[in-house]
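> can't give you the sequence, but here's the structure:
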């Protein structure tokens, strides 16, 4: 009887110990999973950028090699939107880490305190064509201008400068513009005969009067950059305000599209780390990676823009350098970031109201 009782106690003790061990393992599992989850979260970031062929170039030249080098998973979201970003920051619900900002959006974000201070030790500032300021990394110079389908509109049948683009009698057809005042106001004033040398400060009232004349011929005020070319390709517009960086890969893929360098609107594109970014350290690493001459050369090789790295230009092919405009040409405009810094918000409100009227 004693032996039986001892065996029973022993079995119960083993069961208790086994159960206690299982409970201990189960209790520790959330901590282990949390640790793994936290580690995974440390190896990710989100970039908000511009979609289409541009996004593909960002992935090939930057995101994939960055992920391989740093082990960071990068999620790309299309179409940077300053209003959405303001809401994220004001509600302390920031979802983006890196913001791909055209000049006016970049300086407007700086005015609103939407960017984290950059770790300047990560960058070779002597290699940049302009220095880092307003917590913005100068990335490249974009080239805005007029595009058309040469099969539909051969030489002489399409506009080549902004005076012609705004002349719907001489060049009848549907137009597109960006749904923002920056670039659009510059184009209007150039169309009205203002010299590029005397463009700034912008005569805003004059620009809106010029836009009143072309407004009936604008088929789309575009938010999503890929549409500047896709609407042309689908025949929904006849002429489009777009970018050399959109036309170059389209032509390379065999699409019927051409771009005029007779007159261009050029501006700096910036990268910024979003205020209170959830993955700030990885975002800083990404900006440092994007500033490297070899990465800039690889990116511009696909798009044809002007890199902000001085060394990168020498790494690009002669064919890609053909897509870089001469910023000293009399018809070229380099947008004035300082002017837009103090005027972007007010003019944007006026522009949005005008577009809806």
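Yep, that arrived. What you see is a predicted model; the values in this text were computed from it and never measured.
> show me where the stretch 201-350 of the chain has strands.
218-222, 239-243, 258-259, 265-273, 306-307, 333-334 (DSSP state E, counting those that start in this stretch).
> which other helices and strands contact the fourth one?
Spelled out, it's strand 265-273. strand 98-102, helix 103-111, strand 137-148, helix 184-191, helix 280-290, strand 333-334 (3 or more C-beta pairs under 8 Å, 6 or more residues apart in numbering; DSSP states H and E). (Each C-beta comes from the backbone N, C-alpha and C, glycine too.)
> quick one: it to helix 280-290, angle?
Computed by axes from the mean of the first three to the mean of the last three C-alpha atoms, to 10 degrees, the angle separating strand 265-273 from helix 280-290 equals 140 degrees.
> got the angle for strand 265-273 vs strand 98-102?
Going by the same axes, to 10 degrees, strand 265-273 makes 160 degrees with strand 98-102.
> partner strands of strand 265-273, parallel or antiparallel?
Using DSSP bridges, strand 265-273 pairs in its sheet with strand 98-102 (antiparallel), strand 137-148 (antiparallel), strand 333-334 (parallel).
> for the third one, same thing?
Sheet pairing of strand 258-259 (DSSP bridges) gives strand 137-148 (antiparallel).
> what residues sit buried inside the partner strand?
For strand 137-148, burial by neighbour count (16 or more other C-beta atoms under 10 Å) applies to 137-148.
> closest one of those to residue 48?
residue 139 (13.9 Å; C-beta to C-beta).
> surely the closest one touches residue 267?
No. With contact defined as C-beta atoms under 8 Å, residue 139 and residue 267 do not form a contacting pair (11.3 Å).
> about what we covered before: CSV please, covering the helices and strands packed on strand 265-273 and showing distance to residue 169 and mean pLDDT.
As requested, the helices and strands packed on strand 265-273 are exported to CSV (distance: least, C-beta to C-beta, whole Å; pLDDT from 0 to 100):
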stretch, distance to residue 169, mean pLDDT
strand 98-102, 31, 96
helix 103-111, 31, 93
strand 137-148, 17, 97
helix 184-191, 13, 98
helix 280-290, 45, 98
strand 333-334, 25, 94
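> and of these, who's closest to residue 170?
Among these, the nearest to residue 170 by C-beta to C-beta is helix 184-191 (12.1 Å).
> ok now that closest one, how far from the chain's centre?
Remark: helix 184-191 is offset 22 Å from the chain centroid, using C-alpha atoms, centre = their mean, to the nearest Å.
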